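S.K.: Please find the sequence and the predicted model below.
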Amino acid sequence: MNVATTTALLRGLRRELDEGGLRGSFLVRDLRSGEEIGIEPEVEFPSASLVKVPLALAVLERVRAGEIDGAEQIPVEPGRVATFGPIGISRFRHPARVAVEDLVYLSTCLSDGAAADALLALVSPERVAASLRAAGVAGITVRHTMVELHHTPVDRLDPDEGHLAHSLAIDAGTAGRGHRIPQLDVARASTGTARAFVDLLQELWAPTRVDPEVAARVRALMAHNVLRHRLTPDFVSDATTWSSKTGSLLNLRHEVGVVEHADGAVYAVAALTESRVPAVHQPGAEALMARVARTLRDRLRSG
């Protein structure tokens, strides 16, 4: 890539992000050549639901090793797994029994926090972290269950006051990435960087340390992710396959994934962002982060 042209491109993208009220950490890597391009890829962000990808990896590794029976029925009663959310087990009205491998599906493909917490009762955050270390992935921390993501100011406000929680999220941070809201404090929350998540994606798509069968199962789960409103519009087509996982918390909007082209090209993409706009719904921010990620991919693809 031409250095001067790339520098000008990155400067323009940073300006677009700033004008759109976003700070972003992006990295796109060609998984065939290893060439990459990014914007602040080392900046650490609270990872929110992105942690469900390494969770799936850790659980499926234990299933593969025979330490957990993937068909084991886990009893889940309404209110017992106390994770709030718009979909999944937390909305069940009656007791249920769900197989471990189906909990992995719910956690990864529907981003079901209650399913994830049921899995974390079987595979602790420490065990998830150990799986990451064994895979050679540094820069992703796992510090808490998913229920803790929902004990934020927004859960104590009326629905029409969500913007107040976003204002606090925007204004209560420190220069060192600390925060008055624990879930947004990089010293207390589960965290990751764009580079770390791209490293994880590379190990899943071209495994060297992860069991190939386990990696294939995680890839299949990400391919069936149903939350596809963020980067998907800019990466999916009849000539591509897009596999991904989103993460959202207050003013944070993330997505990591891999786009596979019909011609054999494969790119890992990580987009981690935080907004300065105190609003719950920001479709413009979603579109902007997708456009920036695609522009970076296009730059790599064009050489």
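M.R.: Received it, and whenever you're ready, just let me know what you need. Note that the coordinates shown come from a computational prediction; the quantities given were computed from them, not determined experimentally. Residues are numbered from 1 along each chain as shown.
S.K.: for the stretch 151-300 of the chain, what spans make up the strands?
M.R.: If DSSP state E, counting those that start in this stretch is used as the criterion, the strands of the stretch 151-300 of the chain fall at 191-192, 240-249, 252-261, 266-275.
S.K.: how about these in a markdown table, adding distance to Glu213 and mean pLDDT?
M.R.: From N, CA and C alone the C-beta is placed, and that goes for glycine too. What follows is those, written out as a markdown table (distance: least, Cβ to Cβ, whole Å; pLDDT from 0 to 100):
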| stretch | distance to Glu213 | mean pLDDT |
| --- | --- | --- |
| strand 191-192 | 25 | 95 |
| strand 240-249 | 17 | 95 |
| strand 252-261 | 18 | 97 |
| strand 266-275 | 19 | 96 |
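S.K.: any weak-confidence spans in the stretch 151-300 of the chain?
M.R.: In the predicted model of the stretch 151-300 of the chain, residues 151-180 satisfy pLDDT under 70.
S.K.: Just the C-alpha atoms of stretch 116-129, please, in PDB.
M.R.: Backbone C-alpha positions of stretch 116-129 (Å, rounded to 0.1, in the frame of the first residue of the first chain) are rendered in PDB as follows:
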ATOM      1  CA  ALA A 116     -24.100 -17.000  28.800                       C
ATOM      2  CA  ASP A 117     -24.400 -16.800  32.500                       C
ATOM      3  CA  ALA A 118     -25.700 -20.400  32.700                       C
ATOM      4  CA  LEU A 119     -22.600 -21.400  30.800                       C
ATOM      5  CA  LEU A 120     -20.300 -19.300  33.000                       C
ATOM      6  CA  ALA A 121     -21.700 -21.400  35.900                       C
ATOM      7  CA  LEU A 122     -20.100 -24.400  34.200                       C
ATOM      8  CA  VAL A 123     -17.000 -22.600  32.700                       C
ATOM      9  CA  SER A 124     -15.700 -19.800  34.900                       C
ATOM     10  CA  PRO A 125     -14.300 -16.500  33.600                       C
ATOM     11  CA  GLU A 126     -10.900 -17.800  34.700                       C
ATOM     12  CA  ARG A 127     -11.300 -20.900  32.500                       C
ATOM     13  CA  VAL A 128     -12.300 -18.700  29.600                       C
ATOM     14  CA  ALA A 129      -9.200 -16.600  30.100                       C
END
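S.K.: related to what we said a few turns ago, which of the strands of the stretch 151-300 of the chain is buried the deepest?
M.R.: Among those, strand 191-192 has the highest mean neighbour count (mean count of other Cβ atoms under 10 Å), at a mean of 27.
S.K.: does the closest residue to Ser244 other than its chain neighbours have beta-bridge partners, and which?
M.R.: Among residues not flanking Ser244 along the chain, Gly257 sits closest, at 2.7 Å (Cβ to Cβ, 6 or more residues apart in numbering). The bridge-partner assignment for Gly257, based on DSSP bridges, gives Ser244, Val269.
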